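[1] no FASTA, just this:
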Ligand SMILES: Cc1ncc(COP(=O)(O)O)c(C=O)c1O
């Protein structure tokens, strides 16, 4: 299995930073270190964070990883590679917080952001043909679960000398590795599948380029947005069960998608694992799985209201990728910052839901969904 093939003995306590032969490495809650060793000050680097970064680099197949205080801090750091005058092409269907980061902050710094459907080859080609310093894509996108052809985007970027950064949050490194498909940077909200337990907020950026890594290292210590040692320890703990969790998330997601498909209250089900999904074949080619998130639209606002009351197991809350099934209403939650007109063009309406399928018993999830749909 993919996870077992890689060298996982890099974890702190199993390698050069062993501590009393502990099987589970300790948390280094030290802000500073005596001069002369490998570490000096924890804003710059910390042994527990380094252990997590080694794990993330190995999982994504990159040489360098950086752990940040949130997914948005990781994306902020990736955009901090840019300079005034740069042109950046971004997915038009992306997490609302990333949209807010672009429109409320980075576009004030003389950087031009162009929103394009990067899942359409012709539109991506048209947008990138006018030149770009960076292309930033989500795949699958949040919340419409569209699939971008990462290798195709990477080849367009190479022709134009642009960097390609891919937000890989939805599939996690267990199912997809953007660097292997030609991307320069893979970025994650590690709050989601990577940590998986709804107990930490974290982000990760991974690259194979020494030049990018050297800038990200400078950006992280300069902005002071690196992940705390304790959160690094929690995320590391989550990673140890990533393969088991991802397989179960996916199994439950297939069951939930089939139930939703069969419901008379549901208009459409958007899950790349379904053969009828427009990105199904592409996802099959470039990833090893389809993940655990299913978006769907219901036929009536009455059903929508009933779903918003939440279920017994499926809680109405933001976020995804944790052990608990969560139902999210993108229009008022994750994508609230996106102007209504753009939201509606993408498909984020008052009848769209995003279901992060958790690790509960499959039958319990199905029963709860049926109850919420009123069927
Ligand atoms: C695809 C994606 N990227 C980035 C983020 C931001 O991550 P965080 O909440 O850890 O800052 C999110 C959050 O939901 C997300 O869904």
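    Structure received. In this text, all values refer to a predicted model and were calculated from it rather than measured experimentally. Residues are numbered from 1 along each chain as shown.

[2] Could you check how far the residue in the stretch 151-300 of the chain that the ligand sits nearest to is from residue 74?
    In the stretch 151-300 of the chain, the residue that lies nearest the ligand is residue 189 (3.0 Å; C-beta to the nearest ligand atom). For the C-beta atoms, the positions are set from N, CA and C on the backbone; glycine is no exception. Computed as C-beta to C-beta, to the nearest Å, the residue 189 to residue 74 distance reads 8 Å.

[3] who touches both of the two?
    Taking C-beta atoms under 8 Å, 6 or more residues apart in numbering as the criterion, residue 189 and residue 74 both touch residue 203.

[4] need the contact list for the spatially closest residue to the residue of the stretch 151-300 of the chain closest to the ligand that is not a sequence neighbour.
    Ranked by C-beta to C-beta, 6 or more residues apart in numbering and with sequence neighbours excluded, the top spatial neighbour of residue 189 is residue 71, at 2.6 Å. With contact taken as C-beta under 8 Å, 6+ apart, residue 71 is in contact with 95, 97, 169, 187-192, 201-203.

[5] Please spell out which residues along the lengthiest helix in the chain are buried.
    In the chain, with assignment by DSSP state H, the single longest helix is helix 242-262. Residues 242-243, 245-246, 248-250, 252-257, 259-260 are the ones in helix 242-262 that count as buried (16 or more other C-beta atoms under 10 Å).

[6] Please apply the same query to stretch 357-366.
    357-360, 362, 364-366.

[7] cool, and stretch 330-343?
    330-331, 334-335, 338, 343.

[8] and which of the residues you listed is nearest to the ligand?
    Of all the buried residues of stretch 330-343, the ligand sits closest to residue 334, with 5.8 Å by C-beta to the nearest ligand atom.

[9] my read: that closest one touches residue 318, true?
    Yes: in this structure, residue 334 is within contact of residue 318 by C-beta atoms under 8 Å, at 5.9 Å.

[10] any residues in contact with both of these two?
    With C-beta under 8 Å, 6+ apart as the test, residue 334 and residue 318 both reach residue 328.

[11] Around the ligand, pick out the residues from this structure.
    70-72, 95, 97-98, 138, 142, 167, 169, 189, 191, 201, 203, 334 (C-beta under 6 Å from any ligand atom).

[12] how about the helices in the stretch 101-250 of the chain?
    121-129, 150-160, 172-175, 210-223, 229-239, 242-262 (DSSP state H, counting those that start in this stretch).

[13] Now the two most distant members of the buried residues of stretch 357-366.
    Spatial extent of those (C-beta to C-beta) is set by the pair 359 and 366 at 14.3 Å.

[14] What sits closest to residue 176 if chain neighbours are left out?
    Using C-beta to C-beta, 6+ apart, the nearest residue to residue 176 is residue 287, at 4.0 Å.
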